[in-house]
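> Provide a 3D model corresponding to the input given below.
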Amino acid sequence: MSTALIPSPGGTERFANPLRQIKGVMAQPAVRRSLPMALMVGLIAAAALAWMSLSTPTQKTLFSGLPDSDKAAVTSALTTANIKSRIDEGTGALTVGEDDYSRAKMLLAGQGLPKAAPGGYAILDQLPMGVSRAVEGERLRQARESEMAKSIEEIDAVAEARVHLAMPEASVFVRDNAAPSASVILKLQGGRSLSDAQVSSIINLVASSVPGMKPEAVTIVDQMGALLTKAGGNDGAGAASDARIDIQRRVEDKYRTQLIALLTPLVGAGNFTAEVQADVNLDESQATRESYEKQGVLRAETGNWTGNQKDGPAAPGGIPGALSNTPPAASTLSTPQAANGASGSAQPVAGGAAPDAMKQSDQYQRAYDLGREVSVTRATPGGVKRLSVAVLLRDPEKGRRTAMEINQISDLVKSAVGFDQARNDNVTVISRKFAGADATATSGPAWYDNAWLPVLARNGTAILIALLVLLLGVRPIAKALMKKRDDAGTRPALGQPGGAASGDGMAVAAPVSLDQLENTRGYDDRIGAVRGFTRDNPTRAALAVRDMIKADAK
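Alright, predicted model coming up:
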């Protein structure tokens, strides 16, 4: 069985191969003549596409998830400021060029855009009906976080703030109740920092905004990941240690400020640097002293004694005429009471001893109120035990400073800081050339740090690609077309040796007719005539070939 394709009456194959059809189309004279031009146009289009893709700056997301009203307002503001913006069709994010990102942020912040983004307690207004208690609690916590972040952003040094609250569920068991805690992330302004007092203010602000939260449960971190809260918390020991370090820093800053104020008019700003190290006595002592008017004076005495009188009457003594010469009154004996507490008088025991009339006893207690002085002395920290000062001067552009000039400046520095030889204070002043001072003063930023370098590199790459396409693609094709045209114009007509000359000296091929084709003698002449006739009459030549194919088929 034959598998050959049977030609159709029209002369084409019924199930032709697509590749063969393409080759047939490309083999047509008109297509072959227009192929170089189409290739040149394609190369130019490719170069233009490469230029457009490389010349477009890299896009950076400005905002994402904005409502349509905010998108319209932001786009209008950017267009007014000649900032090109795009809206991503897939995500809906608003993007701008990387070079215009910072300028767009500042412009929109100055105009208060975007405005429609809900924040704070406005989130609660968007709660739908019938939400669960868990969702309502999360929205309330989110509103509190947003409000506290806005309050923290009111501080000048804070650019942005985010607050995360951890509020555990309340339990009926007291020991299972966990205290709430908070984490604060701060983005500070460029070149700004927070003092310890400002950090403490933020801690107390957050702790006071949540019921049951203690200041120790608040953690603050800046955008560099540095922990701003003290590890020791706000206990007494940590606060005392911070206070002592702060005292030393204030003392050193005081001396450094005095040196800057003294040396700036003398040598000029930027021509010196000064460092101060103060050994500050941070010990706190307290003493109490109590003194009396007289030393060794009896203040209080308590005692008793018992004795018997001597035999015989006592000799008179004392000062005549004074009461001391009066004899003592007769002693009266009292009746002792019963030991068991019974009523009635005790009767003398028969046969018992009579009381001794000569026995005497005395009890005394003496106390003297003397004048006294009590003094309490409390020495607070802050006294300087030793001071070290180092001053580095810049040498002038021409010459060097003399030893006399350096000694004079050293004496001024000693007078400014209160130099005390008894404390072993040390003051050092030297003069040297500053490293890299001239290069830093005369030159600006490095060339690779300029903002125009990425734009120049991107545009230069696009131009280079376009030139390579033109030189390596378009130019050879154009030269080939021009050469082919010149060859076709200067070549003599086939079958007409020499051809006909035109008025400008170029040979022009004469048209070949059917009569000339029939009257041609010789194989070479006939082939040349056929080529000339095919060139001048391509349609008639195609029809002739078709008729010959049909004749052969019959």
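
> Contact partners for the residue nearest to Ala93 when sequence neighbours are not counted?
Nearest residue to Ala93, sequence neighbours excluded (C-beta to C-beta, 6 or more residues apart in numbering): Ser64, at 4.0 Å. Every C-beta, even on glycine, is put in place using the N, C-alpha and C of the backbone. Taking C-beta atoms under 8 Å, 6 or more residues apart in numbering, we find Ser64 in contact with 91-94.

> Now do the helices in the stretch 1-150 of the chain.
With helices called from DSSP state H, counting those that start in this stretch, the stretch 1-150 of the chain shows them at 18-26, 29-55, 68-80, 101-110, 133-152.

> Compute the inter-axis angle for the shortest one and helix 29-55.
To tie it back to what came earlier, the one meant is helix 18-26. On the basis of axes from the mean of the first three to the mean of the last three C-alpha atoms, to 10 degrees, helix 18-26 is oriented at 100 degrees to helix 29-55.

> List the buried residues for helix 18-26?
Within helix 18-26, no residue qualifies as buried by neighbour count (16 or more other C-beta atoms under 10 Å).

> same thing with the longest one?
Within helix 29-55, the residues that count as buried by 16+ other C-beta under 10 Å are 36, 40, 43, 47, 50-51, 54.

> circling back: now do the residue nearest to Ala93 against Ala161, distance only.
20 Å (C-beta to C-beta, to the nearest Å).

> got it, and Gln142?
15 Å.

> Compare the two and say which is more crowded by neighbours.
Of the pair Gln142 and Ala161, Ala161 is the one with more neighbours under other C-beta atoms under 10 Å, namely 21 against 16.

> In three-state terms, how would the more buried one be classified?
strand (DSSP: H, G, I helix; E, B strand; the rest coil).

> correct me, but Met167 touches Ala178?
No - the criterion here is C-beta atoms under 8 Å, and Met167 misses it with Ala178 at 9.2 Å.

> who's more crowded, those two?
Met167 (18 against 12).

> Backbone dihedrals for that one, please?
phi -120, psi 100 (degrees, to the nearest 10).

> and of the helices of the stretch 1-150 of the chain, who's closest to Val389?
With C-beta to C-beta as the criterion, Val389 lies closest to helix 133-152 of these, at 40.2 Å.

> Which helix or strand contains Leu194?
Secondary structure from DSSP states H and E places Leu194 outside every helix and strand.

> Spit out the contact partners of it.
155, 157-158, 186, 188, 202, 222, 228.

> what about the strands in the stretch 401-550 of the chain?
Ranges of strands in the stretch 401-550 of the chain, per DSSP state E, counting those that start in this stretch, are 426-432, 500-501, 507-508.

> worst average pLDDT in those?
Among the strands of the stretch 401-550 of the chain, strand 500-501 has the lowest mean pLDDT, at a mean of 44.

> Strand partners (parallel or antiparallel) of the lengthiest strand in the chain?
Criterion DSSP state E: the longest strand present in the chain is strand 383-394. If you go by DSSP bridges, strand 383-394 pairs up with strand 272-281 (antiparallel), strand 426-432 (parallel).

> Name the residues of it that come out as buried.
Neighbour-count burial for strand 383-394, counted by 16+ other C-beta under 10 Å, picks out 384, 387, 389, 391, 393-394.

> Take those residues and lay them out in a markdown table including pLDDT and distance to Leu113.
What follows is those, written out as a markdown table (pLDDT from 0 to 100; distance: C-beta to C-beta, whole Å):
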| residue | pLDDT | distance to Leu113 |
| --- | --- | --- |
| Val384 | 87 | 56 |
| Leu387 | 92 | 56 |
| Val389 | 94 | 54 |
| Val391 | 94 | 52 |
| Leu393 | 93 | 53 |
| Arg394 | 91 | 49 |
